[in-house]
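[1] Structure, please.
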Amino acid sequence: MRVTVRVKPGSKKGPLVEPSEDGSLTVFLQQRAVDGAANDGLIEVLAKHFGVSKSRIVIEAGFTSRIKRIDVDL
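    I've put the predicted structure just below:
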């Protein structure tokens, strides 16, 4: 399954996943976007959200962007 994710790094609300009306997800993370910490945190949060292992979550596009395309292997 492919999901579009809008990431909000450095948020005090996080970790939190909110679905949007268009089918995408907004993910609030406590980690800052430094040295890939936000990407690692995103994978952890999404793995818990979907109930899969972290190895089943792959960032396909948007490694340095706040909008990412994620592939989840359910």
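[2] Spatially central residue for the protein, please.
    Nearest residue to the geometric centre of the chain (C-alpha atoms, centre = their mean): residue 42, 3.7 Å.
[3] Now name the helix or strand holding that residue.
    Per DSSP states H and E: residue 42 is located in helix 37-50.
[4] Quick check: most distant residue from the centroid of the protein.
    Most distant residue from the mean C-alpha position of the chain: residue 21, 17.0 Å away (C-alpha atoms, centre = their mean).
[5] just checking, what packs against the helix holding residue 42?
    Where contact means 3 or more C-beta pairs under 8 Å, 6 or more residues apart in numbering; DSSP states H and E, helix 37-50 is packed against strand 2-8, strand 16-19, strand 25-28, strand 57-61, strand 67-72. Backbone N, C-alpha and C define where each C-beta goes, glycine included.
[6] Is it possible to get a markdown table of these that adds mean pLDDT and distance to residue 48?
    Output for the helices and strands packed on helix 37-50, formatted as a markdown table (pLDDT from 0 to 100; distance: least, C-beta to C-beta, whole Å):
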| stretch | mean pLDDT | distance to residue 48 |
| --- | --- | --- |
| strand 2-8 | 96 | 14 |
| strand 16-19 | 96 | 9 |
| strand 25-28 | 97 | 11 |
| strand 57-61 | 97 | 10 |
| strand 67-72 | 97 | 12 |
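[7] Alright, I will stop here.
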